[in-house]
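**Student:** let me see the structure of the following:
(5 chains)
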Amino acid sequence: MDIATAAGLFLGAALLLISILIAPGSSLAAFVDVPSGLVVVGGAIAACGIAFPLGTLLKTPKVTMKLFFPKVPELKPTIEQLVRFAEVARRDGILALENNIEEVDDPFIKMGIQMAVDGTDGELIEAVLRGEIQAVSSRHKTGKGLMETLGRYAPAFGMIGTLMGLIIMLGNMDDPEAIGPGMAVALITTLYGAIVSNLFCLPFADKLGFYSKREMEVREIVVRGVLSIQEGDNPRVLEQKLTTMLPAAERALAL
Amino acid sequence: MDIATAAGLFLGAALLLISILIAPGSSLAAFVDVPSGLVVVGGAIAACGIAFPLGTLLKTPKVTMKLFFPKVPELKPTIEQLVRFAEVARRDGILALENNIEEVDDPFIKMGIQMAVDGTDGELIEAVLRGEIQAVSSRHKTGKGLMETLGRYAPAFGMIGTLMGLIIMLGNMDDPEAIGPGMAVALITTLYGAIVSNLFCLPFADKLGFYSKREMEVREIVVRGVLSIQEGDNPRVLEQKLTTMLPAAERALAL
Amino acid sequence: MDIATAAGLFLGAALLLISILIAPGSSLAAFVDVPSGLVVVGGAIAACGIAFPLGTLLKTPKVTMKLFFPKVPELKPTIEQLVRFAEVARRDGILALENNIEEVDDPFIKMGIQMAVDGTDGELIEAVLRGEIQAVSSRHKTGKGLMETLGRYAPAFGMIGTLMGLIIMLGNMDDPEAIGPGMAVALITTLYGAIVSNLFCLPFADKLGFYSKREMEVREIVVRGVLSIQEGDNPRVLEQKLTTMLPAAERALAL
Amino acid sequence: MDIATAAGLFLGAALLLISILIAPGSSLAAFVDVPSGLVVVGGAIAACGIAFPLGTLLKTPKVTMKLFFPKVPELKPTIEQLVRFAEVARRDGILALENNIEEVDDPFIKMGIQMAVDGTDGELIEAVLRGEIQAVSSRHKTGKGLMETLGRYAPAFGMIGTLMGLIIMLGNMDDPEAIGPGMAVALITTLYGAIVSNLFCLPFADKLGFYSKREMEVREIVVRGVLSIQEGDNPRVLEQKLTTMLPAAERALAL
Amino acid sequence: MDIATAAGLFLGAALLLISILIAPGSSLAAFVDVPSGLVVVGGAIAACGIAFPLGTLLKTPKVTMKLFFPKVPELKPTIEQLVRFAEVARRDGILALENNIEEVDDPFIKMGIQMAVDGTDGELIEAVLRGEIQAVSSRHKTGKGLMETLGRYAPAFGMIGTLMGLIIMLGNMDDPEAIGPGMAVALITTLYGAIVSNLFCLPFADKLGFYSKREMEVREIVVRGVLSIQEGDNPRVLEQKLTTMLPAAERALAL
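**Tutor:** Have a look, this model is predicted:
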């Protein structure tokens, strides 16, 4: 589980809640307004419904889940596995990997090794794997783009809601007592829009970008590894090659 | 028909309407002002009239239609058709495709196959088809750009209308009773501008971008397919090649 | 003449004028303030005077003229002329084109054909013509940039004028009667800035960009045509080559 | 120590403090509000917690330290050292450098020379060193990005805090006396957000970018130097080559 | 001297001054507030002190000087000089240029010719000259970036000053008479920030960009010229080559 995402959300929500509760003359009830919430969240979802294909929208819950339970493969075990496979292929021939395919969890690595065992041509393996990487990367970009778009439309509909509230209030100024509370309600949509955008959507989009970049790095290493195995490269040389692709944090250990 | 576009528009409009109707002291009449609508929509159209060539402007209704009834070719049937043609060309010679041209609906594929049957040089076929792709892509970009430009000028003219309303109101402050309603009317143009931009133009531009990207992917596959047919490639190899270009969702089925 | 530019300007100005005249309690006089106009337009021009070289500024009237009377060469007649020249060169030798040079209006085509007739080396012809294209493109970009810069500084000086008006008004609050009119006058500069930017400068910059792109396309076709003529290419092949470069609208006719 | 960073911070803080203290009717107490500070700083940190991986967040203090005590290697001594090593390698063979490795402080240079002494293949040395450069550059970009993100969320949470303050104030307008102070407190979060962003985070991000660019330049020179040494280049030629990579300020001395 | 810079500054300042003086109820004194100026200008300088290395900051006066007294070399005399040198080198050998070096003012051309006379290898000459161009270009970019950064922070500190003024004013609302003047003073920092940014820093940055681009063009021509001289090219061919690199304005004369 991604502790930073959960902790950040908890910290942000707690800060806002506490500062509402400790403020003199304030109450939580003054900040809860269901129609305002519907205009901001519903409006942003409606705009995204127009902006995105239906299929993308329906994947939103799955994308959000990923923020808390990311499935980013580890780099070092992946490299170790590939090096081990290279040793088997070198020693017993590439067909011997048939028995190892079962132990692979990652469907991407499985697909690559299976093609190598099947005697598929190296160029075609690379084309298929890179096509898969591109497809996943484009799916990630769409997920990130959805969050950014929600984060752009939420404040816009917050402003639309506030304008609507102001117009209603300004048209009914007979009772001066009602001006203050009317304006307070009008401002709630702007507040909701700012919170939805800055505490949820935009940071979500940023983190999705990080996970995507990480996954692409691992997959790139797998492509090079599978091709080396298929070509029967020396496992030592393969290990060195892949290690040069490790990001800084992990490299310190490797060198 | 694109259900997401229609549903998003319906949801957004319904949300705004309902929140106007349920608000205490509010009425739909307070939100309808024809001159305000003319300033915002007319002003944005005027600015786009200056910004874009006349021909582009006249295509706006057709572009808008596309949002509800998109004509994006399906990937899988296209690939199957190309593979079938490759089989015919392999078996009976490329001239045998003459009889199949009639069954092709897509004018782009038709043009490519026709050139191949006519014995046109491979390089020229590629140049003509890629030129066509570029032309379509540039036409799509202009359509998307028009929506983005409308979405940029609508809020600008909303602000211009509000400033004009404020100047009129501030110059006639003899009657304090009139200040509130005057300001309410002044704010309506800003509200209109925000709605036109965030519920219509900007999401429209986003979806046009999605459709365009999709269409370009299909056309790219067609170019490679036609060139393979013209060169007499093996239909199996062609199928593999084209399948590596399928986006993620469809690939799961293919592999 | 570019009808869209003129019609857009007329429509935009008419809309603003009419909505001022029909508003109750409003008069055109309330919207005319010469010092405000001087601050916005003069300030934006002053900022552009600092931002741009003198030579560029002095070309502003000529650039503006271009928006109403564009001089974009037609694509199809240009291609036909080049194909005709290729036929002459094929039939009677390249020197025979000497007699045709007189009938060429476009100085760019003239320069290219003249160099071909003079027996200039193909590489040098290409370098000179591409250098000329780059020079024109960079001049166009500067013209467009000037309009964008004016469109950026006009609202800025509008805001500066409004701030100045507010400071004067807030320092003289003895007469409550004068507050409304004082603020109305202060807001006029912001209104002027928004109109100058959104009805004039920014749409002007967009259209200049369209014209420039169009002109570059035609010139690119001319370069390829002149080089083909100089190399003695087959006029039919030349026609096919140039036709693949036609944008979509015109292509429909060509194919 | 980086004097400009410290002096800038001191100057900025002093200016704001003094202008608070000399303003008539003002007191420092009016500008201190702990809950406001918590909303702005805590909210920005919460958003960054969601946006960034945990590991990056924990490096924030180290990154901030770097702004005051940068560890950017000097260019000229680095070049001199590399030229000296090239002389040793030329004279006594590359193995003779074994004894010089101890005197190298920079672990990056050490790693390169060690690989050269070990007889590692030139291509692999380049791949490892460039991989290291990329890893460091990507780490720097993340550090800079964290500062930019903080600088983007701080004003957003400042606005959220102000909206919350306004809503509380507008809901309690029974006591007209309390309106002014209530609004003053509401504005404090916006002020805090603007200061955190414009005096700390955004300038910090800019300077981190400068240091990173500088470090990459030095490392690029080291890569070329180590490869030249490994290939046994003439020390004079190496010196000339590396000198052409010196930035302007240092070049003046070198030429 | 750059007349446009001086005239623009004069025009902008005069417009603002006059519109202050002719406004009824206004006086210049109402717009002068030393602490406000210190917050805006001092704050922007403090932020730039943190954002930029010390060395860059100290060059600000020199960079500003350049806006009024630019030192951009003329294109045509430079080309004539290079062609003349090519003739000498052709006629009397490259060593004969030794006598001409004295008459060269531009240190960049001097360096290039000196290296050619010294018999330096062509590739090394190009590397050294291009390194120098890159170094100058990067120095120019930093100077431009400094102006842009000042232009970004000045309005930010203007807003910070206004917020501070508003908080002080709102905390002291006992005297209703003081509200107007208090707010007027608070707005002065925003006004100062807008003027500093839009009349000084941002246009300055734009013009620095123009000068830099111009200088790079001339230097690129010098590099090609010196290499041609070193290779003993025909002076006529050299003239043609360099002329193709002339920008549009000067080309009209050359062709």
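**Student:** so A:S138, which of the three states?
**Tutor:** State at A:S138, reduced to three classes by DSSP: H, G, I helix; E, B strand; the rest coil: helix.
**Student:** what about it, distance to A:A127?
**Tutor:** Plainly put, A:S138 is 16 Å away from A:A127 if you go by CB to CB, to the nearest Å. No exception for glycine: its C-beta is placed from N, CA and C like everyone else's.
**Student:** from C:L199, how far out is A:R219?
**Tutor:** A:R219 is 51 Å from C:L199, by CB to CB.
**Student:** measure the residue lying farthest from the centre of chain A to chain D for me?
**Tutor:** Within chain A, A:D174 marks the point farthest from the mean C-alpha position, 50.4 Å out by CA atoms, centre = their mean. Note on A:D174: its distance to chain D, by CB to the nearest CB, to the nearest Å, is 16 Å.
**Student:** cool, and A:R91?
**Tutor:** On the measure of CB to the nearest CB, A:R91 and chain D end up 24 Å apart.
**Student:** equivalent analysis for A:R224, please.
**Tutor:** Distance, A:R224 to chain D, using CB to the nearest CB: 12 Å.
**Student:** just A:A184 next, same as before
**Tutor:** For A:A184, the distance to chain D - CB to the nearest CB - is 4 Å.
**Student:** leaving out chain neighbours, which residue sits closest to that residue?
**Tutor:** Spatially, and ignoring its direct neighbours in sequence, A:A184 is nearest to D:L170 (3.8 Å; CB to CB, 6 or more residues apart in numbering or on different chains).
**Student:** count the residues that sit near that neighbour.
**Tutor:** D:L170: 22 surrounding residues under other CB atoms under 10 Å in any protein chain shown.
**Student:** go on, A:T243?
**Tutor:** Using other CB under 10 Å: A:T243 sits among 21 other residues.
**Student:** just to check, it is in contact with A:T78?
**Tutor:** No - between A:T243 and A:T78 there is no contact under CB atoms under 8 Å: 11.9 Å.
**Student:** and the residue farthest from the centre of chain A, how far from chain C?
**Tutor:** On the measure of CB to the nearest CB, A:D174 and chain C end up 21 Å apart.
**Student:** same question, A:M169
**Tutor:** From A:M169 to chain C the distance is 20 Å (CB to the nearest CB).
**Student:** which residues does the closest residue to that residue other than its chain neighbours contact?
**Tutor:** Here the nearest residue to A:M169 in space, its sequence neighbours aside, is A:G182; by CB to CB, 6+ apart that works out to 3.7 Å. Neighbouring residues of A:G182 by CB atoms under 8 Å, 6 or more residues apart in numbering or on different chains: A:165, A:168-169, A:172.
**Student:** for A:R152, what are its contacts?
**Tutor:** Applying CB under 8 Å, 6+ apart to A:R152 gives the contacts A:S197.
**Student:** please disregard the earlier target; I meant A:K66.
**Tutor:** A:K66 sits next to A:143, A:208, A:211 when contact means CB under 8 Å, 6+ apart.
**Student:** repeat the analysis, applying 7 Å as the threshold.
**Tutor:** Counting by CB atoms under 7 Å, 6 or more residues apart in numbering or on different chains, A:K66 touches A:Y211.
**Student:** which positions in the helix or strand containing it come out as buried?
**Tutor:** Using DSSP states H and E, the element containing A:K66 is helix A:60-68. For helix A:60-68, the neighbour count (16 or more other CB atoms under 10 Å in any protein chain shown) marks A:60, A:63, A:66-67 as buried.
**Student:** how about stretch A:173-190?
**Tutor:** A:173, A:179-190.
**Student:** now, the residues you listed that are in strands?
**Tutor:** Nothing among the buried residues of stretch A:173-190 maps onto strands, per DSSP state E.
**Student:** which of the residues you listed sits closest to chain B?
**Tutor:** Nearest to chain B among the buried residues of stretch A:173-190: A:M173, at 3.7 Å, using CB to the nearest CB.
**Student:** nearest residue to that closest one in space, please, no chain neighbours.
**Tutor:** Per CB to CB, 6+ apart, closest to A:M173 is B:G180, 3.7 Å.
**Student:** my guess is that neighbour contacts A:L170. True?
**Tutor:** Yes - under the criterion of CB atoms under 7 Å, B:G180 makes contact with A:L170 at 4.3 Å.
**Student:** all the helices of the stretch 101-250 of chain A, residue numbers only.
**Tutor:** Along the stretch 101-250 of chain A, counting by DSSP state H, counting those that start in this stretch, helices occupy A:107-117, A:122-171, A:179-195, A:202-230, A:235-243, A:248-254.
**Student:** how much space separates A:T190 from E:G143?
**Tutor:** A:T190 is 40 Å from E:G143, by CB to CB.
**Student:** repeat for A:F10
**Tutor:** Distance of A:F10 to E:G143, given as CB to CB: 46 Å.
**Student:** between these two, tell me which one has more neighbours.
**Tutor:** Neighbour tally, A:F10 and E:G143, criterion other CB under 10 Å: the higher count belongs to E:G143, 23 against 12.
**Student:** isn't the more buried one right next to E:V63, touching?
**Tutor:** Yes - with contact defined as CB under 7 Å, E:G143 reaches E:V63; the gap is 4.4 Å.
**Student:** ok, back up a step: tell me the least confident of the buried residues of stretch A:173-190?
**Tutor:** Within those, the minimum per-residue pLDDT falls on A:M173 (78).
**Student:** any idea how far A:A4 is from A:H140?
**Tutor:** Taken as CB to CB, the span from A:H140 to A:A4 is 19 Å.
**Student:** please read the previous query as pertaining to A:Q134.
**Tutor:** Distance from A:Q134 to A:A4, counting by CB to CB: 29 Å.
**Student:** higher neighbour count, these two?
**Tutor:** A:A4 (21 against 15).
**Student:** what count of nearby residues applies to A:P77?
**Tutor:** Neighbours around A:P77, by other CB under 10 Å: 9.
**Student:** so what's it scoring on pLDDT?
**Tutor:** So A:P77 comes in at 86 (pLDDT).
**Student:** remind me which helix or strand it belongs to.
**Tutor:** helix A:75-92.
**Student:** in chain A, which ranges drop under the pLDDT threshold?
**Tutor:** Chain A contains residues with pLDDT under 70 at A:247-255.
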